[in-house]
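Peer 1: show me the folded form of this:
(4 chains)
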4 protein chains.
Amino acid sequence: MSKARLEAFSDGVIAILITIMVLELRVPHGADWAALSPIAPTFFSYVLSFVFLGIYWSNHHHMLQLTTRINGAILWANLHLLFWLSIVSFATAWMGENHFAQVPTAIYGCVLLASAIAYTILQQTIIAEQGPGSRLKAAVGNDLKGKLSGLLYAIAIPLAFVNHQGIAEAIYVAVALIWLVPDRRIENHIKANARSSAGAAGALEDNAH
Amino acid sequence: MSKARLEAFSDGVIAILITIMVLELRVPHGADWAALSPIAPTFFSYVLSFVFLGIYWSNHHHMLQLTTRINGAILWANLHLLFWLSIVSFATAWMGENHFAQVPTAIYGCVLLASAIAYTILQQTIIAEQGPGSRLKAAVGNDLKGKLSGLLYAIAIPLAFVNHQGIAEAIYVAVALIWLVPDRRIENHIKANARSSAGAAGALEDNAH
Amino acid sequence: MSKARLEAFSDGVIAILITIMVLELRVPHGADWAALSPIAPTFFSYVLSFVFLGIYWSNHHHMLQLTTRINGAILWANLHLLFWLSIVSFATAWMGENHFAQVPTAIYGCVLLASAIAYTILQQTIIAEQGPGSRLKAAVGNDLKGKLSGLLYAIAIPLAFVNHQGIAEAIYVAVALIWLVPDRRIENHIKANARSSAGAAGALEDNAH
Amino acid sequence: MSKARLEAFSDGVIAILITIMVLELRVPHGADWAALSPIAPTFFSYVLSFVFLGIYWSNHHHMLQLTTRINGAILWANLHLLFWLSIVSFATAWMGENHFAQVPTAIYGCVLLASAIAYTILQQTIIAEQGPGSRLKAAVGNDLKGKLSGLLYAIAIPLAFVNHQGIAEAIYVAVALIWLVPDRRIENHIKANARSSAGAAGALEDNAH
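Peer 2: Predicted coordinates for the structure are as follows:
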């Protein structure tokens, strides 16, 4: 099974998700500066979710560069990830419209955690398909960032209740920043690979798309 | 006529359909746990329809891997399928907002049945274009799953009226589960084909996209 | 300039337009059969516009198969066509919600006429770029269908006012039927071409996408 | 890292943005000519933003034709551009619904200015990646149009307050017209390049997509 259509479909869904969130930025009724202030929290949550979806798209892009074969399990693990990402726009709007109230802030963290778990499942499914000597496994290593993100979400969700929910928001922003620092592992792996096997079929294939 | 644009267009439409359904998950007015309970039925129907559209995308993907030529009839049979799939989001929202009332539950089944019939028409149109020795026909065989799904929908639709509509819902879930079990027929056919004609033009073509 | 991105962008826009129209099919408030009857005119106009957009996508697909080079004029003529197609969803909803009242029915015809003119401009721009010996010009011939459609729209628009608007609707349906009869001109031209120059660079290029 | 997925993702997002703006053209309640007049300002701002997004798509298309390698910085500079473009639909609707009131007209200019800055950052990031002898740098030259656009926006934004906002609108239209005049620099550069190195790897690569 080819990976091109899986990439195209995932790109399409993520492009739509990142874009339709802006439909939740309701046009204010007034036409003065004061009319903008009630939508400030919605705008902030839009920016945060835009960055998260951008991170997922970028990481998904990198991961599929090290993937050549797709089977049914990978296809459904990918749809499972897209499902949780599709809920992000709902959680974003609910959190923004309620000015970061406790329950919506916790639910937002739950959706981010579920997306992170779905991403890990997809990663493991691809590694399992590649078998011993998996290129993705070598590139991902111990997946420190992935584990740290999951841990931080798990800490942030209860903190939305027992403390001021600003702490939970700050942790969500921190996770985004961790990922914005470019992940050079896969890029380096590709470069090293290309150097050691220049002209080989594997490297050409990576560049073919 | 090339199949790449047909694939890209179908992927685009299905990606949009699977995503805009989330716009029907209206953001609740309150900010507590109680505010979530009225949207639970809408959420359940969203999940169900997400799975159905995922199945259609996956099967469509497989079917087109065994298709090389597209003619006008295939193009319109494909648009006919996309039309019924586009109605799924409407039926999903109507059923969810009315907490699985009788008429919306029956209409939802009718839209699923019409989509299944449209898929079968598309399949037959491709087989007819391929003529004797059709690769798709060999892979599909007697299409037991397709026939069983149609039969189950035809049973579920009247049961939405004469009994508790929970039975109809359970049958819809059962059909989804039948398809989630991966359909190895086409995958096996491709593998067998690739093995028997390794390096041949047909196999290369399948991998080209 | 390459045509692949122009095709991909046009496919994306048309896929979105054909899909978001379904968002105008508002979910009825009741849950019985009677609740469906007020949306019947919206449903009918949705079906009509779905078919029109399908025809435009299919014809656009054919036209670009005979196009190899894109310049700035073609790019903007294409965006101009997409602009009018984007207004179709607005006109569809307005006509449907007002049960085919006179002004919305006439405006709908105007948008279809503007789309047809924009399509002809795009076609002429491509023919002009190809210069003498244009493959597209040879395939299109005297463009009888295009001229007939324009004439029929021009007749239908005033008839929406001076007579019962059902006549205008019937003419719109007639134009759709004219185009649903598959347009074999371009398909035949490609086949003839492929036969006469099998293995030549031009034919390979057509199949490359 | 390959540029094809970056192109596809950007095309997808811009296609969605240019299309969902039409959802803000609310269907009028009446069915006569008078019902159309309140949406005239929204229609005008829709046309203006459609042209702006078309210009960005066209320029983005040209710029990526001179780009071969993508790194993390380019990927995020591109997402940053898409972020500001995504706000255009919000600013368009706010300006249109308030009949070009002062604050929305100024905010619309700010979003256009931010998009122009984001585009320049993306351009500089690609030039930096290409290093000395950058093909994009040679094609862009002193970027007169880009600098002029920024200057005009910076003039228009305060004029929305101190004068009649029609002046600001006129400047926005003027900027669009500056760009609608086709930008032959990159087209000429590609032609010149193709002529001087016909058959070379670089030229083939440009045509490969």
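
Peer 1: from here on, just use CA atoms for contacts and neighbour counts.
Peer 2: Will do.

Peer 1: and the pLDDT for the residue of chain A found nearest chain C?
Peer 2: When scored by Cα to the nearest Cα, chain A has A:Gly12 as its residue closest to chain C, at 8.9 Å. pLDDT, A:Gly12: 90.

Peer 1: what of A:Ala4?
Peer 2: pLDDT at A:Ala4 comes out at 83.

Peer 1: A:Ala77: neighbour count?
Peer 2: Residues contacting A:Ala77 under the criterion other Cα atoms under 10 Å in any protein chain shown number 20.

Peer 1: now the closest residue to it other than its chain neighbours: how far from A:Asn59?
Peer 2: Among residues not flanking A:Ala77 along the chain, A:Leu122 sits closest, at 5.0 Å (Cα to Cα, 6 or more residues apart in numbering or on different chains). Shown here: A:Leu122 relative to A:Asn59, a distance of 12 Å by Cα to Cα, to the nearest Å.

Peer 1: these two: which is more packed in?
Peer 2: Set A:Leu122 next to A:Asn59 and count neighbours by other Cα under 10 Å: A:Leu122 wins out with 23 against 17.

Peer 1: tell me the phi and psi of the more buried one?
Peer 2: With angles defined as degrees, to the nearest 10, A:Leu122 sits at phi -60, psi -40.

Peer 1: for the one helix or strand A:Tyr108 maps to, packing partners?
Peer 2: Using DSSP states H and E, A:Tyr108 maps to helix A:102-130. Packing contacts for helix A:102-130, counted by 3 or more Cα pairs under 8 Å, 6 or more residues apart in numbering or on different chains; DSSP states H and E, involve helix A:72-97, helix A:135-140, helix A:144-162, helix A:165-180.

Peer 1: list the contacts for A:Gly146?
Peer 2: A:Ala116, A:Thr120 (Cα atoms under 8 Å, 6 or more residues apart in numbering or on different chains).

Peer 1: returning to what we had before: do you know which of the helices and strands packed on helix A:102-130 lies nearest C:Leu75?
Peer 2: When those are ranked by distance to C:Leu75, counting by Cα to Cα, first place goes to helix A:72-97 at 32.7 Å.

Peer 1: got the angle for that closest one vs helix A:102-130?
Peer 2: Helix A:72-97 runs at 160 degrees relative to helix A:102-130, counting by axes from the mean of the first three to the mean of the last three Cα atoms, to 10 degrees.

Peer 1: what mean pLDDT does helix A:72-97 get?
Peer 2: Helix A:72-97 comes out with an average pLDDT of 93.

Peer 1: could you give the angle of that helix to helix B:165-180?
Peer 2: Using the same axes, to 10 degrees, helix A:72-97 lies at 130 degrees relative to helix B:165-180.

Peer 1: report the buried residues of helix A:72-97.
Peer 2: Buried residues in helix A:72-97, counted by 16 or more other Cα atoms under 10 Å in any protein chain shown: A:72-97.

Peer 1: got a list of what the residue nearest to A:Ala77 touches?
Peer 2: A:Ile74, A:Ala77, A:Asn78, A:Leu81.

Peer 1: determine which two of those are furthest apart.
Peer 2: A:Ile74 and A:Leu81 (10.5 Å).

Peer 1: show me the residue sitting in the middle of chain A in space.
Peer 2: Nearest residue to the geometric centre of chain A (Cα atoms, centre = their mean): A:Tyr56, 2.6 Å.

Peer 1: ok, that one to D:Phe83 distance?
Peer 2: Relative to D:Phe83, and taking Cα to Cα, A:Tyr56 is found at 15 Å.

Peer 1: equivalent analysis for A:Ser45, please.
Peer 2: Counting by Cα to Cα - A:Ser45 and D:Phe83 are separated by 13 Å.

Peer 1: repeat that for A:Tyr108.
Peer 2: With Cα to Cα as the criterion, A:Tyr108 and D:Phe83 are 21 Å apart.

Peer 1: in contact with the nearest residue to A:Thr92 once chain neighbours are set aside, which residues?
Peer 2: In space, and not counting its chain neighbours, A:Thr92 is closest to A:Ser45: 5.8 Å by Cα to Cα, 6+ apart. Listed by Cα under 8 Å, 6+ apart, the contact set of A:Ser45 reads A:Thr92, A:Ala93, A:Met95, A:Gly96.

Peer 1: near chain B, which residues of chain A?
Peer 2: Counting by Cα under 8 Å from any Cα of the partner chain, chain A comes close to chain B at A:1-5, A:8-10, A:12-13, A:16-17, A:72, A:75, A:79, A:83, A:86-87, A:90, A:93-94, A:98, A:101-104.

Peer 1: can you do 7 Å?
Peer 2: A:2, A:4, A:9, A:12-13, A:16-17, A:72, A:79, A:86, A:90, A:93-94, A:98, A:101, A:103-104 (Cα under 7 Å from any Cα of the partner chain).

Peer 1: and A:His164, how close does it get to A:Val103?
Peer 2: Taking Cα to Cα, one finds A:His164 at 12 Å from A:Val103.

Peer 1: those two: which is more packed in?
Peer 2: For A:His164 versus A:Val103, neighbours defined as other Cα under 10 Å are more numerous around A:Val103 (22 against 12).

Peer 1: secondary structure element for the residue of chain A found nearest chain B?
Peer 2: Proximity of chain A to chain B (Cα to the nearest Cα) peaks at A:Val13, 5.2 Å away. If you go by DSSP H and E, A:Val13 is part of helix A:4-20.

Peer 1: and after that helix, which helix or strand comes next?
Peer 2: Assignment by DSSP H and E places the next element after helix A:4-20 at helix A:40-65.

Peer 1: in that next one, which residues are buried?
Peer 2: Buried, per 16+ other Cα under 10 Å, within helix A:40-65: A:41-43, A:45-46, A:48-65.

Peer 1: what does stretch A:120-133 give?
Peer 2: Using 16+ other Cα under 10 Å as the test for burial, stretch A:120-133 gives A:Thr120, A:Ile121, A:Leu122, A:Gln123, A:Gln124, A:Thr125, A:Ile126, A:Ile127, A:Glu129, A:Gln130.

Peer 1: next one: it to chain centre, how far?
Peer 2: In this view, stretch A:120-133 has its centroid 18 Å away from the chain centroid, taken as Cα atoms, centre = their mean, to the nearest Å.
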